[in-house]
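Engineer: next one to model:
(4 chains)
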2 protein chains.
Amino acid sequence: MTRNNAGRPTLARVAERAGVSVSTASLAFSGAGPITPETRDRVLAAAAELAYSGPNPLGRQLRSGRSGIVGVIIGDNPGRAFRDPVSVKVLDGLMQVLGEQGLGVLLVPGTSRVEGVPVDPLVASAAMDVAVLVWGVVTDDPNLEALQRRGVRVVVGEGRPVEGAPLVAIEDRAGSAEAIRHLVALGHTRIAEIALPFGREERTGPVDAQRLAQADRTPSSNRLAGVRDVVEPVFTWETPASLVEHGRDAAMAILGEWVPDSERPTAIFAQSDLLAAGAVIAARELGLRVPEDVSIAGFDGLDLPWLSPDVLTSVHQPLGEKGAALGRAVLGLLAGDEPTAVTLPVRLVQGTTTGPAPR
Amino acid sequence: MTRNNAGRPTLARVAERAGVSVSTASLAFSGAGPITPETRDRVLAAAAELAYSGPNPLGRQLRSGRSGIVGVIIGDNPGRAFRDPVSVKVLDGLMQVLGEQGLGVLLVPGTSRVEGVPVDPLVASAAMDVAVLVWGVVTDDPNLEALQRRGVRVVVGEGRPVEGAPLVAIEDRAGSAEAIRHLVALGHTRIAEIALPFGREERTGPVDAQRLAQADRTPSSNRLAGVRDVVEPVFTWETPASLVEHGRDAAMAILGEWVPDSERPTAIFAQSDLLAAGAVIAARELGLRVPEDVSIAGFDGLDLPWLSPDVLTSVHQPLGEKGAALGRAVLGLLAGDEPTAVTLPVRLVQGTTTGPAPR
DNA sequence: GCGCTGTCGCGAATCGATTTGACGTGGCGC
DNA sequence: GCGCCACGTCAAATCGATTCGCGACAGCGC
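Structural biologist: Next up, the predicted model:
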């Protein structure tokens, strides 16, 4: 096994060449502690001659007990997780804040690829100072358990509260309720709903009361509740992920020809913008006009240029700010602050996809 | 400064409790070396009692000289980098391969946020065994220089060859040429081109010969060359990024009303599918039929359900496989293999967006 | 019963840095 | 001129694990 850094100079060699002790050489680089400019320059000169490019992070990390790495547990492999711009924007805000403190983001798959092993090996043993669980922590989450057992502190985004862990959430319930009130105010009475995955296992298809009772995952369960704070939807369809094609499939089932015109929902509330966009596309393909024949509202407030000329009516959530709040929670944890819970506000923004109910 | 792992048990404590030496306890966990089942069980039992969850990765890393971390230098902040599904798919393939070996992916911004500092602090000092430069290495790339100075080995994707670094590329030039030949065979003579960023600084707008001579970045410069292997485009527009809105803007300029019908290009080749999709949307908005009035071809072979009912004619590249090849290159480097260059094949797939030239 | 062989556990060195308390020196105050 | 203080440097301990070579002990064959 070739060692990774075979033959590279060490601080000891630099110190020797500069004619100082290792401790002094360390001071020259870290700047923590008294040292005369001449001594430091001598050390730096020696370093330059040896092509020494600064202290080995591994040594520093062991000594300080910190890796400078924040693990981000993404619900699935990136191929799926990052197809949704929502995740990307949150990650962006998070990296922004962490980057300013020199902290790096380690991407960790949230599902195990290996049968019989509950979590990814990285969850179980990669070096990280804090882990961020970005989406949908469920009860008895195996990742959460593994991390806590290791003593890795955790920040939770959009999940159920975890003892001792900061939580960053948004007003899922109130926002959903607001969207529905908007539809009701427009005269809609037959409102259908396209839901994000809310159960432990993935399913697709219509949802009945029994299935609904198993709603366990956030944020979908909160959004389900928000809808029901206002009306009982006439139809709910469960999707396996927040993707355009699933929204399209759902809307096809909701609006398809087999539904008598008199019973067809006049409005659809989708729990994400990508699902809503899929619904718009399905409506177009079915020859239905949006919003004259059917109104469609989403959740997230994404900018979707390809849906042009339509602009989604959507519950806007501050995605970058959510990521930033997660980042600040991480920093707080590292600084030893008491964990707190943050709930960010949302706001309904009307686009062109909702209008008065057809008569 | 609170140490991160204050009070957590160490291997030494476990060994003490189990009544064995530290070295034996280490063997119990690593499994490398002879140890009787009874001894190992005693150690594991002691570990369980102390809630010791396995060797501290930091200690292990220092000793082995390896961090188990692969840095992925993303050209920009993730907010921009991952808006393109191309990046996501490559990252997915990469993580797949690395994950199997227990290697983690550290996301590193490729641009510095701080004035005067050429690279992100993570590039300069984060622990990583190998760095992957995924997109468009330019000559004198500051990231590349910083990494090489540190002695971090590098894998290059889609860039100019780097001494001692494995390279993974695709047949950009041949693929572009094939797309153009397809258009020519359909009778198109006035072909316009929408280019990915190809210069060092970002620009938007029409491109003249002088600007073209500055083409420095891959893969765009190769695709430019491929087009010119077949015909000279009548018009080239440069975009700042591979995004739908930029493709739309470009196509608006190319197809807009100010262009006399007799001079309007009858076909557009875009260097990415997102750009091509933007062009399709622009054509729709301008009331032009695709492909009757204008043919549009892209590059990447993305699945774009929201472009429905259109399906892009596109040069398909094996994105996941590209990521996997990058991953294998990383593993090869770590195993000490001689670096090699890989070029993956592409393949033109006809969709519904190209057809015979209008007469 | 002696010696040889193989197995398993142990001690100590090592990875590369940080940090603390001690020490020497030179300057200054009284 | 003596003593004290401040400043800068250094030696040594420490972080937590891995690994190598040695030694002890048990079993076996003759």
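
Engineer: domains in chain A, by residue range?
Structural biologist: Using automatic domain parsing, the domain ranges for chain A come out as A:11-64, A:69-170+A:319-344, A:172-317.

Engineer: endpoints of the second one, how far apart?
Structural biologist: The first and last residues of domain A:69-170+A:319-344 sit 26 Å apart, counting by C-alpha to C-alpha, to the nearest Å.

Engineer: now do it: distance to the chain's middle.
Structural biologist: The chain centre lies 8 Å from the centre of domain A:69-170+A:319-344; the measure is C-alpha atoms, centre = their mean, to the nearest Å.

Engineer: following the helix or strand bottoming out on mean pLDDT in chain A, which helix or strand shows up next?
Structural biologist: When the helices and strands of chain A are compared on mean pLDDT, DSSP states H and E, helix A:78-81 comes out lowest with a mean of 82. Of the helices and strands lying after helix A:78-81 in sequence (DSSP states H and E), the nearest is helix A:85-100.

Engineer: before we move on, back to that, which other residues reach the least confident helix or strand of chain A?
Structural biologist: By C-beta atoms under 8 Å, 6 or more residues apart in numbering or on different chains, the list of residues contacting helix A:78-81 from outside reads A:74-75, A:87, A:107, A:109, A:241, B:88-89, B:91-93, B:95, B:320. C-betas here are computed from N, CA, C, even on glycine.

Engineer: can you do 6 Å?
Structural biologist: With C-beta atoms under 6 Å, 6 or more residues apart in numbering or on different chains as the contact definition, helix A:78-81 has outside contacts at A:74, A:75, A:87, B:91, B:92, B:95.

Engineer: the last one contacts residue B:106, correct?
Structural biologist: If I follow you right, that is residue B:95. No. With contact defined as C-beta atoms under 6 Å, residue B:95 and residue B:106 do not form a contacting pair (11.4 Å).

Engineer: tell me which of these two has more neighbours.
Structural biologist: Neighbour totals were compared for residue B:95 and residue B:106, and residue B:95 leads with 26 against 20 (other C-beta atoms under 10 Å in any protein chain shown).

Engineer: on the strand side of things, show who the residue nearest to residue A:299 when sequence neighbours are not counted bridges to.
Structural biologist: Taking C-beta to C-beta, 6 or more residues apart in numbering or on different chains as the measure, residue A:299 lies nearest to residue A:315, with 4.5 Å between them; neighbours along the chain are not counted. On the basis of DSSP bridges, residue A:315 takes part in beta bridges with residue A:299, residue A:348.

Engineer: wait, doesn't residue A:315 sit right on residue A:346?
Structural biologist: Yes. Counting by C-beta under 6 Å, residue A:346 is a contact partner of residue A:315 at 5.1 Å.

Engineer: what's the overlap in contacts for those two?
Structural biologist: Here residue A:315 and residue A:346 have residue A:175 as joint contacts, going by C-beta under 6 Å, 6+ apart.

Engineer: higher neighbour count, the two?
Structural biologist: Legend: neighbour count by other C-beta under 10 Å for residue A:315 and residue A:346, higher for residue A:315 (30 against 23).

Engineer: which of the contacts of helix A:78-81 sits closest to DNA strand C?
Structural biologist: Proximity of the contacts of helix A:78-81 to DNA strand C was ranked by C-beta to the nearest atom of the strand; the top entry is residue B:95 with 27.8 Å.

Engineer: what does the pLDDT read for that closest one?
Structural biologist: Here, the pLDDT recorded for residue B:95 equals 95.

Engineer: from residue B:78, how far out is it?
Structural biologist: Shown here: residue B:95 relative to residue B:78, a distance of 14 Å by C-beta to C-beta, to the nearest Å.

Engineer: coming back round to it: quick one: closest of the domains of chain A to residue B:17.
Structural biologist: Nearest of the domains of chain A to residue B:17, taken as C-beta to C-beta: domain A:69-170+A:319-344 at 17.7 Å.

Engineer: stretch A:199-212 - what's its average pLDDT?
Structural biologist: Per-region confidence: stretch A:199-212 scores 89 on mean pLDDT.

Engineer: contact partners of that stretch?
Structural biologist: The set of residues external to stretch A:199-212 that reach it, using C-beta under 6 Å, 6+ apart, is A:214, A:216, A:236, A:237, A:238, A:240.

Engineer: next one: stretch A:149-164
Structural biologist: So stretch A:149-164 is contacted by A:128, A:130-137, A:147, A:165-169, A:218-219, A:326, A:329-330, A:333, A:339, B:8, B:53 (C-beta under 6 Å, 6+ apart).
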